[in-house]
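Peer 1: Output the structure for:
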Amino acid sequence: MRRLGLLSLLIVLLCGAGTRPRPVPESGGDTFSIKEVFGVSHPNQVIDFDLTQPIDPTETSLVDDRGVDVSYQVLGGGRKVAVQTDLPAGAERMWTLVRGRRPQGQSADAVHVRRADRYYEITNALVGVRIVRPGGAWGGTPAPIQGLRMRDGTWTARGPNILDVRADRARGPTVRFLEEGPLKVVVEVSYRFDRPAYVYGQQKVAPAGPGFYTSTVTVEAGQPSILFEENTDMDLSYSLDVYEAVHPTHARYRGHHARAREYGYEPDGRIYRESHTRPGLDAQVDLRYDRPMGAQYVSNDEGWRWMAVWDPWAFDTGWYWQMFDAGAPASANLLGIFAGRASRAVGAAFSGAGIYTRPGKDGRDRQAGVTIQSYRRSADARVFPRTRFQWGMFLGTKADLAPADQVQNVNRQMNLHAGISLAKVHRYQLQFPDPLRGYGGLYMDRQAVGRMSARLRADHSYYRQLYDGEPTSRPLLDMWADVSGEKTHHAAQTITGLAHDLLATHVNGEGIYSMRFHYWHGGLEMMRKGLWIDQVLGSGALTPDEQARVKAAAVLFANVLWDDDVVPLFEGHGLNLGTANMPVQQQAYRDFYALLLAEHPTMRDRAAQVATRVRNTAGTIVNEHGAEMGGTHYIAASFVPTLNTLLQVKQRGGADPFPTEPRLAKFAEFYLNLLTPPEPRVGGKRALISLGDSSTEPSEMFGTLGTGFRDADPQLSARLMGAWQAAGNPQSGFFGTTLLSIDDALPAADPRLGDATFPGYYSVLRHGWGTRDETAAWIVNGDFYADHRHADHGSVVIYALGAPLSIDWGSLYTPHVPGGYMHSGVVMDDSLDQPWDADAPALGAGRGWGGSTQEAFVSFPDGAYVRSRFARGTTVWTRAITSIRTDASYPILVVRDTFRGAGAAAPKVMTLNLMATGEVLTPA
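Peer 2: Here you go, the predicted model:
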């Protein structure tokens, strides 16, 4: 029976009837074919295909498209067949199983296993590893690895290498071969322990009982790397000393930044800068042998920080390291290590592999190499009952060490074994049915989009308004205005161009950590192009070839986004996912493609789960009162991607989340009440007040919310559209152009805002809405607000008679002013590093308070009152604000601070930031 590989359908679609037929032997069996369609060359590697039925590998050969026998291996207990191949850009490959013919294919790169008394020796043409065998006298519990073969053929790290593990009794190792070559050897080394109780101070980390450690080692044909997976519920470590083979004087890594020059410097000698301020670049480290330097959690005079399991912000370390002798020739040995598959991480917050050095003493040589370690309790006191992580060891030569600003071969190995490789890409099913509802209406009805495009073709002033108001949408506007279809063809090329760039970076570039495509940067770029994909596929202007290529790009984007090796979005890994909004964003980008490709076989089930998942997300980032978790600017970072998903769910039919999820309407009120009076600094438009890492800025989200509520709550929708108009009809392209999510033809009404409170975030006392006497005072009095927050507990923002009187700095990041002293609140004097009235205070000075609580809130026509409480240890600060507005043109605001507890009488500093045009005089 003939079975087409998963990309063979694309071969038919893209090549057409003129494609040269492939020769197939007369006694043909299963056929496996791949074709490269993104213009990216893939390096030599082992890939596998699913078998439709079992085969006898002793009586079955595999021939390529020339009819030549090639080496292969049956994997997974007979479920898969593996081959070794590269795939140049635009190339095709095909293999056929021939039953009843003995295999004759040979591989010069084959993996071999040799059994010695104390170890198994596993080698390919480039590298080798010795795996411990059970039995023998080792002087302790032997580690899994008892030797490494370097590129010059010498064996190093011969030990004996002993596990450092706290156990009452150790049993093992036992060794089991999961795959035995010739293309891949996988061996599992297991240990069992009687584990004592683990107590850390007053914390009982783990009870006594049975424990385990399993190390799984993989060697593949033609690869210069050895792959490891460490899995344990113990605290343990061991080291591999390669000094005699490498004699390293220096090391290099690629990470985020270094805190000091000794932890990493650039080729010109400066401290290794943050990754967003420089091109892709390795940091160099001068290795020390004057004292022992271990692999540890933080870099200091006792060691270097171990390699990240997955962390785009890894400081003083990176996602790979290379050790080398700077004075050695190009043929000299080089040792590299690199992070493995993030999808395999479990409880890996305080575990990993790292480099170490030790001085020689008592006539012994120096030591240098790699330490592998796993710990269950992390530095932030999180406890994981089990840890698991993958890593790789690259055994290269100095010739592999490219200039620091170029992509390193160790990076390419990391891409191949831990990122996006041909082994994954050839399984992507690139064609899929079109959605039943069609394209062109992801966030709002297609009719609304159609009205907009028709209007801009008929009304040049409207076209100009949109063109100037949302610059990122200009190619889309030009596409709508162009009746020839030429602009649509160009848009399709930009989509397929992004697909090429993305895959080329993942395969042959910096991989999952490239600045352009790492984490949410890549998710955001792919989601933005997703809007274009929807528009061009719905245009009717594409050729069948363009249609197929755009769909292929969409599948690539979806698969990269949903790959946990690229971004580990699952529970229990223990890794650093950044600030609170980042994983929310990334999940929304995944869900975007799940819904866009809802008819795709691999997305269908994911799409079915989106409605429930996005409601859960809304319940996580918005509390029961409607308060959102972010600073006013960063509310958008988590809520806009979530809102876009809610709009997609609404447009798909089924249950509309806008009338059924009460937190959405409450959030809309919360967001409305952040509006300033007409702001003279932004042209008289209403803007959001600035809290946290934010600026005073108008928001387009009012229009998107109004579009979502258009039929669920027409009155609320009109108020939101009125707020959008009062903000100047802003548009944005950051999360994809809002031209496709704001129906600017919806009716608008006055928002009519007054006093309001939202426990967990703020209260506002406002009167005189819409008049020249409009006055408003906000107080930050909740701790649900946390993402990109400053130490602004109890801080106030005041507008009086329409003018900003006391505001937050609103500088976003330059300058960055997170300290409590810089906000309109109170700080304890002992939290400052200098006298309160000294010049040039530190922008981070002044610790914040905790335990924020709103104690009282009262609103009536002639006044309003709010009282809030904040705690720092046993010291309690109460701030009450009273608004008296019997005469709106002469508003009175009274702020009263009281203190009780241990620090009630201690010195304190109150700050009130004031707007002024002249000299400011104080009693001091």
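Peer 1: Contact partners for L442?
Peer 2: Applying CB atoms under 8 Å, 6 or more residues apart in numbering, one finds that L442 lies in contact with L531, D534, L595, L596, L647, Q648, Q651, L740. Backbone N, C-alpha and C define where each C-beta goes, glycine included.
Peer 1: Show the pLDDT at it.
Peer 2: At L442 the predicted local distance difference test score is 96.
Peer 1: re the thing from before, can you add neighbour count and give the contacts of L442 back as CSV?
Peer 2: Compiled in CSV, these are given as follows (neighbours: other CB atoms under 10 Å):
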residue, neighbour count
L531, 23
D534, 23
L595, 23
L596, 24
L647, 21
Q648, 24
Q651, 16
L740, 25
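Peer 1: Closest one to L422 out of those, please.
Peer 2: L596 (25.0 Å; CB to CB).
Peer 1: The helix or strand containing G392 packs against which elements?
Peer 2: Under the criterion DSSP states H and E, the helix or strand holding G392 is strand 387-397. Helices and strands in packing contact with strand 387-397 are listed as strand 145-149, strand 225-232, strand 318-324, strand 333-339, strand 352-358, strand 367-374, helix 409-418; criterion 3 or more CB pairs under 8 Å, 6 or more residues apart in numbering; DSSP states H and E.
Peer 1: quick one: buried residues of stretch 392-407?
Peer 2: Along stretch 392-407, these residues count as buried under the neighbour rule (16 or more other CB atoms under 10 Å): G392, M393, F394, L395, G396, T397, K398, D400, L401, A404, V407.
Peer 1: Extract the CA atoms of that stretch and return them as CSV.
Peer 2: Extracted C-alpha coordinates of stretch 392-407, given in CSV (Å, rounded to 0.1, in the frame of the first residue of the first chain):
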residue,chain,number,x,y,z
GLY,A,392,22.9,19.1,25.3
MET,A,393,26.7,18.8,25.1
PHE,A,394,28.4,20.1,22.0
LEU,A,395,31.8,18.6,21.3
GLY,A,396,33.4,20.8,18.7
THR,A,397,36.6,22.5,17.7
LYS,A,398,37.9,26.0,17.8
ALA,A,399,36.9,26.3,14.2
ASP,A,400,33.3,26.2,15.4
LEU,A,401,33.9,29.4,17.4
ALA,A,402,32.6,32.1,15.0
PRO,A,403,33.1,35.8,15.8
ALA,A,404,31.0,36.9,18.8
ASP,A,405,28.4,38.7,16.7
GLN,A,406,27.7,35.7,14.4
VAL,A,407,25.5,32.7,14.9
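Peer 1: mean confidence for that stretch?
Peer 2: Mean pLDDT, stretch 392-407: 98.
Peer 1: now stretch 457-465
Peer 2: Model confidence over stretch 457-465 averages 95 on the pLDDT scale.
Peer 1: List of residues touching that stretch?
Peer 2: Residues beyond stretch 457-465 that count as contacts (CB under 8 Å, 6+ apart) turn out to be R455, L456, L477, W480, A481, V483.
Peer 1: please redo it, this time with the cut-off set to 7 Å
Peer 2: If you take CB atoms under 7 Å, 6 or more residues apart in numbering as the criterion, stretch 457-465 is touched by R455, L456, L477, A481.
Peer 1: chain center to that stretch: distance?
Peer 2: Average the C-alpha atoms of stretch 457-465, do the same for its chain, and the two points are 39 Å apart (CA atoms, centre = their mean, to the nearest Å).
Peer 1: What are the buried residues along it?
Peer 2: With the criterion 16+ other CB under 10 Å, stretch 457-465 contains buried residues Y463.
Peer 1: can you check stretch 108-122 too?
Peer 2: By neighbour count, and taking 16+ other CB under 10 Å as the criterion, the buried residues in stretch 108-122 are D109, A110, V111, V113, R118, Y119, Y120, E121, I122.
Peer 1: go on, stretch 480-493?
Peer 2: Of the residues in stretch 480-493, W480, D482, K487, T488, H489, A491, A492 count as buried by neighbour count, 16+ other CB under 10 Å.
Peer 1: can I assume the first one sits in a helix?
Peer 2: Yes: using DSSP: H, G, I helix; E, B strand; the rest coil, the assignment for W480 is a helix.
Peer 1: burial of the closest residue to it other than its chain neighbours, as a residue count?
Peer 2: In space, W480 comes closest to S453 once its chain neighbours are excluded; the distance is 3.9 Å by CB to CB, 6 or more residues apart in numbering. For S453, the count of nearby residues is 19 (other CB atoms under 10 Å).
Peer 1: going on from the helix or strand containing S453, what's the next piece of helix or strand?
Peer 2: Mapping S453 onto the secondary structure by DSSP H and E places it in helix 446-458. The C-terminal neighbour of helix 446-458 among helices and strands, as given by DSSP H and E, is helix 460-469.
Peer 1: The residue nearest the centre of the chain and D591, how far apart?
Peer 2: Computing the C-alpha centroid of the chain and ranking residues by CA atoms, centre = their mean puts Y519 first, at 3.2 Å. Note on Y519: its distance to D591, by CB to CB, to the nearest Å, is 16 Å.
Peer 1: ok, now F212?
Peer 2: 37 Å.
Peer 1: Show me the one of the helices and strands packed on strand 387-397 that comes nearest V796.
Peer 2: Distances from V796 to each of those were compared using CB to CB; the minimum, 43.6 Å, belongs to strand 318-324.
Peer 1: which outside residues touch the closest one?
Peer 2: Where contact means CB under 7 Å, 6+ apart, the residues beyond strand 318-324 that reach it are 246, 248, 250-255, 307-308, 334-339, 355, 368, 398, 401, 408, 410-411, 414, 513.
Peer 1: Give the pairing partners of that strand; include direction for each.
Peer 2: For strand 318-324, sheet partners with direction are given as strand 250-255 (antiparallel), strand 333-339 (antiparallel), following DSSP bridges.
Peer 1: Output the shortest one in CSV with nothing but the alpha carbons.
Peer 2: Extracted C-alpha coordinates of strand 250-255, given in CSV (Å, rounded to 0.1, in the frame of the first residue of the first chain):
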residue,chain,number,x,y,z
HIS,A,250,37.9,31.5,28.3
ALA,A,251,34.3,30.9,27.9
ARG,A,252,31.5,32.5,25.9
TYR,A,253,27.8,32.5,26.3
ARG,A,254,24.8,34.2,24.7
GLY,A,255,22.2,35.6,27.1
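Peer 1: Do you have the helices of the stretch 501-650 of the chain handy? List them.
Peer 2: 519-537, 544-561, 581-596, 604-621, 635-651 (DSSP state H, counting those that start in this stretch).
Peer 1: could you give the mean pLDDT of the longest one?
Peer 2: Spelled out, it's helix 519-537. In this model, helix 519-537 has a mean pLDDT of 98.
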